[in-house]
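1. Okay, here's the prediction I keep looking at, along with the sequence it came from:
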Amino acid sequence: MNETKVKCAHECRNTCAMLTESLREESEMVRFYERLQQECDYPDVHDMLLQLIEARSESVLMINQKLNELSARAAIMDGIISNYNRT
């Protein structure tokens, strides 16, 4: 990953550019480890790669959860604001 291309906009509404990029990177690492595991027939390395896949998959789920929370929070705030604008 090139750290210089990832910049926080500090203006997140219903998503986060930093988390979206993290999700992309973590997902790519899961796919990478899965490809390695498919090629590997050494039991110890195969098991270690499985552990790495599981750990990275947990990270993907955590990032997805946070992105969903941000989206839900923005939807709630939009609803509150639209109620005030109607009156």
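-> Thanks, I have the structure now. Residues are numbered from 1 along each chain as shown.
2. Isn't Val30 up against Ile63?
-> No - in this structure, Val30 is not within contact of Ile63 by CB atoms under 8 Å, at 11.7 Å. Where C-beta positions appear, they are placed from N, C-alpha and C, glycine not excepted.
3. Mind checking which of the two has more residues around it?
-> Using other CB atoms under 10 Å, the more surrounded residue of Val30 and Ile63 is Ile63, with 21 against 17.
4. Can you check the pLDDT for the more buried one?
-> The model reports Ile63 with a pLDDT of 96.
5. what separates it from Gly79, distance-wise?
-> From Ile63 over to Gly79 the distance is 25 Å, taken as CB to CB, to the nearest Å.
6. Repeat that for Arg31.
-> From Arg31 to Gly79 the distance is 37 Å (CB to CB).
7. Which of the two has more residues huddled nearby?
-> Each of Arg31 and Gly79 has its neighbours counted (other CB under 10 Å); Arg31 has more, 12 against 9.
8. In which helix or strand does that one reside?
-> Applying DSSP states H and E as the criterion places Arg31 in helix 17-39.
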